[in-house]
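> Here's my sequence, what's the structure:
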Amino acid sequence: MKPNWIQLTHLGIIQVSGEGAKKLLQGQLTCDLESITEQQASLGALCNIKGRAISGFYLALFNDNYYLITSRDLAGKTLATLKKYAVFFPATLTDVSDAWQLAGLMDEFSEAAPNTNFCASGKLQQSSGFYLNISSESPRYLFALTEEENQTSFTPQQNNQSWQQQDIQDHLTLLNEKTSEAFIPLELNYEKFNGISFKKGCYTGQEIIARIHYRGQLKQHLQTFELKLDESIDLTMKNIHNENNESAGQVISSIYADGQILGLALIRDDQLENNLFVEGFSQ
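You can find the predicted model right below:
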């Protein structure tokens, strides 16, 4: 049986190269660049000075270049933010989303793939791309493929809906235009996936993130929900309230499938035992 490839058209990729690339990224990203090798990638976030995540990404090292795989609609914003600091480092930053293809595999590839930890990475045999092993309830692999490899071996057959559904089920988000700069990485579960380092040096937003972490001030966490609807509606950033119309949280992401919306929401811990409602919907 041929692998059932998924088109990950909602994702983009930024290349950071040059002798100053590592130092530049180490001073801006939540993950520790010392742990990144061609066999080990990482989840991470780029934050503003208030500690709010501008974008989330998978960070990989391939052929001496760093690659940030992020939401395609945030690639430009991520690139522009990093370029503000790149003037101090011998590094080149480029949006290469159109030169690479991002494709996913779920389930079928699990037996052939190496058994590695979250977001481990590896080269393809042809050395024309790399793949990431994404931690998930269902085995998932994200392939970054050069144009040459794309033309010879890989033909995506599915859209990205099943991939995005699994992201929600895994409590995982890379953010998008609507959610950029709305949440801190701790609220997005990045610590659970080793996407935040508390041992590395300073990075933009680090002081606020560390203070919340060490003082145990995080009082809301990600939860999944289902909402039966007859049509597809994007609920991103919709408010969630209880029966008394008191604020309980916000929707982070949602996707419509099989007559219902599957969503990921940030919910206050003290509201988990209450009946909760998405803004504008009674069920």
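> In the protein, which residue sits furthest out from the middle?
Using Cα atoms, centre = their mean, the residue of the chain lying farthest from its centre is N244. It sits 33.8 Å away.
> roughly how far apart are that residue and L24?
Remark: distance between N244 and L24 (Cβ to Cβ, to the nearest Å) = 48 Å. C-beta coordinates here come from the backbone N, C-alpha and C atoms, glycine included.
> Check G76 too.
Distance from G76 to L24, by Cβ to Cβ: 18 Å.
> out of those two, which sits in the busier spot?
L24 (23 against 14; other Cβ atoms under 10 Å).
> for the more buried one, helix, strand, or coil?
Of the three states, L24 takes helix according to DSSP: H, G, I helix; E, B strand; the rest coil.
> what's the spacing between it and G12?
L24 is 19 Å from G12, by Cβ to Cβ.
> Report the distance from the top helix by length along the chain to the chain centre.
Assignment by DSSP state H gives helix 75-86 as the longest helix of the chain. Between the centre of helix 75-86 and the centre of its host chain there is 17 Å, according to Cα atoms, centre = their mean, to the nearest Å.
> Can you give the contact residues for it?
12-14, 16, 20, 24-25, 27-28, 46, 54-55, 57, 68, 70, 93-95, 97, 177, 180 (Cβ atoms under 8 Å, 6 or more residues apart in numbering).
> one more time with 7 Å, if that's ok
Residues outside helix 75-86 that contact it (Cβ atoms under 7 Å, 6 or more residues apart in numbering): 12, 14, 24, 27-28, 46, 54-55, 68, 70, 93, 95, 97, 180.
> Turn those into JSON lines, including distance to A80.
Listed next are the contacts of helix 75-86 as JSON lines, based on distance: Cβ to Cβ, whole Å:
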{"residue": "G12", "distance to A80": "13"}
{"residue": "I14", "distance to A80": "11"}
{"residue": "L24", "distance to A80": "14"}
{"residue": "G27", "distance to A80": "17"}
{"residue": "Q28", "distance to A80": "13"}
{"residue": "L46", "distance to A80": "11"}
{"residue": "I54", "distance to A80": "10"}
{"residue": "S55", "distance to A80": "11"}
{"residue": "L68", "distance to A80": "13"}
{"residue": "T70", "distance to A80": "13"}
{"residue": "L93", "distance to A80": "9"}
{"residue": "D95", "distance to A80": "10"}
{"residue": "S97", "distance to A80": "14"}
{"residue": "S180", "distance to A80": "12"}
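> can I get these in TSV with distance to G205, pLDDT and secondary structure?
Output for the contacts of helix 75-86, formatted as TSV (distance: Cβ to Cβ, whole Å; pLDDT from 0 to 100; DSSP: H, G, I helix; E, B strand; the rest coil):
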residue	distance to G205	pLDDT	secondary structure
G12	22	98	strand
I14	19	98	strand
L24	16	98	helix
G27	11	97	coil
Q28	9	98	coil
L46	9	98	strand
I54	9	98	strand
S55	12	98	strand
L68	17	98	strand
T70	17	98	strand
L93	19	98	strand
D95	23	98	strand
S97	25	96	coil
S180	13	98	coil
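> What is the most widely separated pair among these?
Comparing all pairs in the contacts of helix 75-86 by Cβ to Cβ, the longest separation belongs to G27 and S97, at 24.2 Å.
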